[in-house]
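**Student:** Dropping the sequence and predicted coords here.
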Amino acid sequence: MAALKQASVLFSLSLSSPSTPRQRYRLMIACRILPWLALSLILLAGSAAGAELAIGPFQTGNRAPMTQIFGLPTPGHTLILPPGEHAAELALDTAQNYTHNSSGGESAFFDGETYRFNLNLRRGLTPRLEVGLDLPYLMHRGGFLDGFIEGWHDTFGLPQNGRDKASRDELRYSYIRNGKQEVLVDDHAQGIGDIRLNAAWQLARAEGDEPWGTALHAALKLPTGDSDDLLGSGSTDLSLWLSGNRSWRQGDSALALFGSFGLMGMTDGDVVEEQQRNLVGFAMLGGGWRPWSWIVLKLQLDGHTSLYDSDLKELGDPAAILTVGGDLALGEKTALEIGVSEDIATETASDVVFRLALRSRF
């Protein structure tokens, strides 16, 4: 008890008079992170009363500055909604970017944070058909996570790639080709991104102790975002893909495997259109474990072919992203998804993406 009181006094003193810039920086980080941590603990404490959770993929993707502007779809849901039923998901993906590279006449420097808020709405129309809508809002900022990410990379033995020697919390998304500044975002930018219309057709499904399903998905991304600020691509993108999910149940616990693959075609956009490719392949494979009815632990690998003709890894190499995390039931039809993504094919995606998503059916 005495130790707890002493720690409380020391914490109060640190709040009242941080003596160095580093202490003030750490205090700022703590003040931003602790409320989220407290909220997560509160939700976890009350989550045991929730209903049985379905096991499905993270609805996220590549959030790198010059990739997230295109319409690469999230995996979608294999089991579509019944007629007349609705679902909504409000998600925040916080993407931390730092990379620099030069080759031939090309030079890329991406340093900053991108916050992507997305509202996904779905409605079941018939026993086999559902439609949906994605409404994204994006913000490019210098951010505040640089120090945290440096520590993250040190802890897990990941390469810093010069991050620890660069200025912290600055914004510069830059791409130069043959001496011409093709892309430059170095001031705070925010606005509506590219809206996406979605549809899914249930190909097959089965219930019971080993439920499974397959679905055909389509998405049309419209050029509603400002391409000058990397809020959109200026292209119209059409995606088609197949998804599947298989579960094995035993009481409240369950295991599941899920995957998807497809193609995306794009019209010529406004961002380095001479190098933009018009056809991209993508795929996802993952699995989940539900030890109790109210919690799911998930692991997922996403990948796609390159979107640009370029000698730089950041633009011209296929991407691979690993996401870990899970879901917590908050009620009969409500759940919270928490995930962390890493670019396992380094420099082809954001360094780290932190994901929070609240979803509900009604």
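**Tutor:** Arrived safely, thanks for sending.

**Student:** Which parts of the stretch 251-362 of the chain are strands?
**Tutor:** Using DSSP state E, counting those that start in this stretch, the strands of the stretch 251-362 of the chain run over 253-266, 279-292, 295-304, 319-329, 334-343, 352-361.

**Student:** what's the closest of those strands to Leu197?
**Tutor:** For the strands of the stretch 251-362 of the chain, proximity to Leu197 was assessed by Cβ to Cβ; strand 253-266 is nearest, at 14.0 Å. All C-beta spots, glycine's among them, are computed from the backbone N, C-alpha and C.

**Student:** which helices and strands does that closest one pack with?
**Tutor:** Packing contacts for strand 253-266, counted by 3 or more Cβ pairs under 8 Å, 6 or more residues apart in numbering; DSSP states H and E, involve strand 237-250, strand 279-292.

**Student:** so what's Leu356 closest to, chain neighbours aside?
**Tutor:** The spatially closest residue to Leu356, leaving aside those adjacent along the chain, is Leu92, at 5.1 Å (Cβ to Cβ, 6 or more residues apart in numbering).

**Student:** so that neighbour is in which element?
**Tutor:** If you go by DSSP states H and E, Leu92 is part of strand 86-103.

**Student:** who's Thr334 bridged to?
**Tutor:** Ser360 (DSSP bridges).

**Student:** what separates it from Ser107, distance-wise?
**Tutor:** Distance from Thr334 to Ser107, counting by Cβ to Cβ, to the nearest Å: 47 Å.

**Student:** got it, and Leu285?
**Tutor:** Leu285 is 34 Å from Ser107, by Cβ to Cβ.

**Student:** what does Trp201 give?
**Tutor:** Trp201 sits 44 Å away from Ser107, going by Cβ to Cβ.

**Student:** In this structure Ile315 contacts Val271, no?
**Tutor:** No, residue 315 isn't Ile; it's Leu. No - using Cβ atoms under 8 Å, Leu315 is not in contact with Val271; the gap is 10.6 Å.

**Student:** hey, what's in contact with both of the two?
**Tutor:** Residues touching both Leu315 and Val271 by Cβ atoms under 8 Å, 6 or more residues apart in numbering: Met66.

**Student:** okay, which residue is most central for the chain?
**Tutor:** Thr60 (3.9 Å; Cα atoms, centre = their mean).

**Student:** What ranges in the stretch 151-300 of the chain fall below the confidence cut-off?
**Tutor:** Residue ranges of the stretch 151-300 of the chain with pLDDT under 70: 151-168.

**Student:** thinking again about what came up before, could the helices and strands packed on strand 253-266 be laid out in a markdown table, adding distance to Tyr175?
**Tutor:** A markdown table is the format used below for these (distance: least, Cβ to Cβ, whole Å):
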| stretch | distance to Tyr175 |
| --- | --- |
| strand 237-250 | 20 |
| strand 279-292 | 18 |
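
**Student:** Give the helix, strand or coil label for Gln59.
**Tutor:** Here Gln59 is recorded as coil under DSSP: H, G, I helix; E, B strand; the rest coil.

**Student:** surely it meets Thr74?
**Tutor:** Yes - using Cβ under 8 Å, Gln59 is in contact with Thr74, at 4.1 Å.

**Student:** Identify the contacts common to those two.
**Tutor:** Counting by Cβ under 8 Å, 6+ apart, Gln59 and Thr74 have no shared contacts at all.

**Student:** ranges for the strands of the stretch 1-150 of the chain?
**Tutor:** Along the stretch 1-150 of the chain, the segments classed as strands by DSSP E, counting those that start in this stretch run 86-103, 106-124, 129-141.

**Student:** Once you drop chain neighbours, what's closest to Val97?
**Tutor:** Just so we're on the same page, residue 97 is Asn rather than Val. Phe110 (4.7 Å).

**Student:** Any idea how many residues pack against the one you found?
**Tutor:** By other Cβ atoms under 10 Å, 24 other residues sit near Phe110.

**Student:** Glu210 too?
**Tutor:** By other Cβ under 10 Å, the residues close to Glu210 number 11.

**Student:** hang on, isn't it packed against Arg246?
**Tutor:** Yes - look at Glu210 against Arg246 with Cβ under 8 Å: they come within range, at 7.3 Å.

**Student:** ok, what's across the strand from the nearest residue to Phe362 once chain neighbours are set aside?
**Tutor:** Leaving aside its chain neighbours, Phe362 sits nearest to His86 (5.3 Å; criterion: Cβ to Cβ, 6+ apart). His86 forms beta bridges with Arg123, as assigned by DSSP bridges.

**Student:** I'd like the mean pLDDT over stretch 85-105, please.
**Tutor:** For stretch 85-105, the mean pLDDT works out to 95.

**Student:** err, stretch 118-135, not the other one
**Tutor:** Averaged across stretch 118-135, the pLDDT comes to 98.

**Student:** where does the residue nearest to Asn97 land on pLDDT?
**Tutor:** Phe110 is given a pLDDT of 96.

**Student:** returning to what we had before: mind checking the strands of the stretch 1-150 of the chain for the one nearest to Ile80?
**Tutor:** Closest approach to Ile80 among those (Cβ to Cβ): strand 129-141, 4.3 Å.

**Student:** Mind giving me the packing neighbours of that closest one?
**Tutor:** With contacts taken as 3+ Cβ pairs under 8 Å, 6+ apart, strand 129-141 sits against strand 106-124, strand 189-192, strand 196-206.
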